[in-house]
Structures are given as structure tokens and as C-alpha cells.
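S.K.: After the sequence you'll find the predicted model.
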Amino acid sequence: MSLSQAQKKAFRSIGHHLNPVVTVSENGVSENLLAELSRALNDHELIKVKLAITERDDRVAMLNELVADSNAELVQTIGKMALLYRRNPKVNPKLSNITRFENHHGRH
């Protein structure tokens, strides 16, 4: 599931207005963290994740592990924030950030 550049651009526009719903700390990846990440991706499809880890290399490694474990697509990283996407064919349109903001594209 590879995203096109146009899709990534649209998702970045939507993601700009999102708050992080999952925070990863120095403790690393746990079963509870993966369960919460999976729940958030199922509900919202597009989520922002905060990586509260000081070392850049550790953040990259942790993010790669999260993406692999959750079968998500990495849309963007800026500093300690990452934008992840995983399509859900049975998503609730009232919860999905994609559906709720599909016509937004950066306009207020």
C-alpha cells in the first residue's frame, strides 16, 4: 500500500491540524502501546504520533518499529512528530480524519 505524492500532500494538509493521539516514551514499544496505536488507526485512519525520545537515531528506530508492527504507512515526520496512515475499509465516517477533512486541504 504505497501512497502517491498527491495523497501524501493531502494527508499532510489534514495532519497539520491534528493533535497527537499516541505518545511514545523512552520506555519503548509495549503491547498496550501497539493496541492503542491500532485502535487509533482503525478509528481515525490518519493519526499524529508524538515520539518523546531525545536521540534522533532512537526516534527513527522506534518509528520504523511502530510502522512495521502496525502495518501503517509513514506520511511525514517533523521533529518528534510523525503522521501515520492505515486504510480501514469499514471506518466510521464520523471518526475518520480522512473523511471528516477530505474537502479541507488547508483552507479554513
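M.R.: Here it is on my side, so go on. This is a predicted model, so every value here is computed, not measured.
S.K.: Tell me what the residue nearest to residue 80 when sequence neighbours are not counted is bridged to.
M.R.: Leaving aside its chain neighbours, residue 80 sits nearest to residue 51 (4.9 Å; criterion: Cβ to Cβ, 6 or more residues apart in numbering). No exception for glycine: its C-beta is placed from N, CA and C like everyone else's. Beta-bridge pairing of residue 51 under DSSP bridges involves residue 24.
S.K.: and residue 51, what does it touch?
M.R.: For residue 51, the contacting residues are 23, 24, 59, 62, 63, 80, 81, 82, by Cβ atoms under 8 Å, 6 or more residues apart in numbering.
S.K.: Provide a list of residues in contact with the residue most central in space within the chain.
M.R.: Centroid check for the chain by Cα atoms, centre = their mean gives residue 84 as the closest residue, at 2.3 Å. If a contact means Cβ under 8 Å, 6+ apart, then residue 84 has 37, 41, 46-49, 66-67, 70, 72-75 as its contacts.
S.K.: so how far is residue 99 from it?
M.R.: According to Cβ to Cβ, to the nearest Å, residue 84 stands 17 Å off from residue 99.
S.K.: cool, residue 11 as well?
M.R.: From residue 11 across to residue 99, the span is 13 Å (Cβ to Cβ).
S.K.: Name the residue in the two with the higher neighbour count.
M.R.: residue 11 (22 against 15; other Cβ atoms under 10 Å).
S.K.: Which residue comes closest to the more buried one once chain neighbours are left out?
M.R.: residue 75 (4.8 Å).
S.K.: tell me how far the helix or strand hosting the one you found is from the chain's mean position?
M.R.: In the assignment (DSSP states H and E), residue 75 maps to strand 73-78. Computed by Cα atoms, centre = their mean, to the nearest Å, the chain-centroid distance of strand 73-78 equals 7 Å.
S.K.: Fine by me, we can end here.
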